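# Sharing a model that was predicted from the sequence below.
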Amino acid sequence: MTAGDYNLFYEERNESSQLGTGIFVHHRMLSAVKTVEFIRYRMSYIVLRGCCFNIIVLNVPVPNEGKSDCSKDSFDEGLGQVFDYFPTTRF
């Protein structure tokens, strides 16, 4: 989706009336985008091609103190799976 000078990569979530997640990229940076993936609920990342190395930007919501321990454990597990994914992937 295009919004002015930006392109929006997004994933909609409607199963439980929850909001989805998205990443805005300026149109001048669009050629540097190698990968955009939506991993789990509201967890996503974008890989940008740099001149010397790739840049990975990880977008994750962090549960605050008011959330249950179960929610925090689920977050930790999901984040661990994301980090386990990166070393084995060739971008």
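In hand now; what should we look at?
# When you work out contacts or count neighbours from here on, use the C-alpha atoms and nothing else.
Will do.
# Sketch out the low-pLDDT regions of this structure for me.
Within the chain, the ranges that satisfy pLDDT under 70 run 13-19, 41, 71, 85-91.
# can you pull out the helices in it?
With DSSP state H as the criterion, the chain has helices at 69-88.
# Longest strand in it, by number of residues?
strand 33-40 (DSSP state E).
# Sort out which residues of it are buried, please.
Neighbour-count burial for strand 33-40 flags Val36, Phe38 (criterion: 16 or more other C-alpha atoms under 10 Å).
# and that strand, how far out from the chain's middle?
Its chain's C-alpha centre and that of strand 33-40 lie 6 Å apart, by C-alpha atoms, centre = their mean, to the nearest Å.
# helices and strands around it, which ones?
The contact analysis (3 or more C-alpha pairs under 8 Å, 6 or more residues apart in numbering; DSSP states H and E) places strand 33-40 against strand 43-48.
# so the strand it packs on versus helix 69-88, what angle?
Computed with axes from the mean of the first three to the mean of the last three C-alpha atoms, to 10 degrees, the direction of strand 43-48 lies at 20 degrees from that of helix 69-88.
# Now do Cys70 against Pro63, distance only.
10 Å (C-alpha to C-alpha, to the nearest Å).
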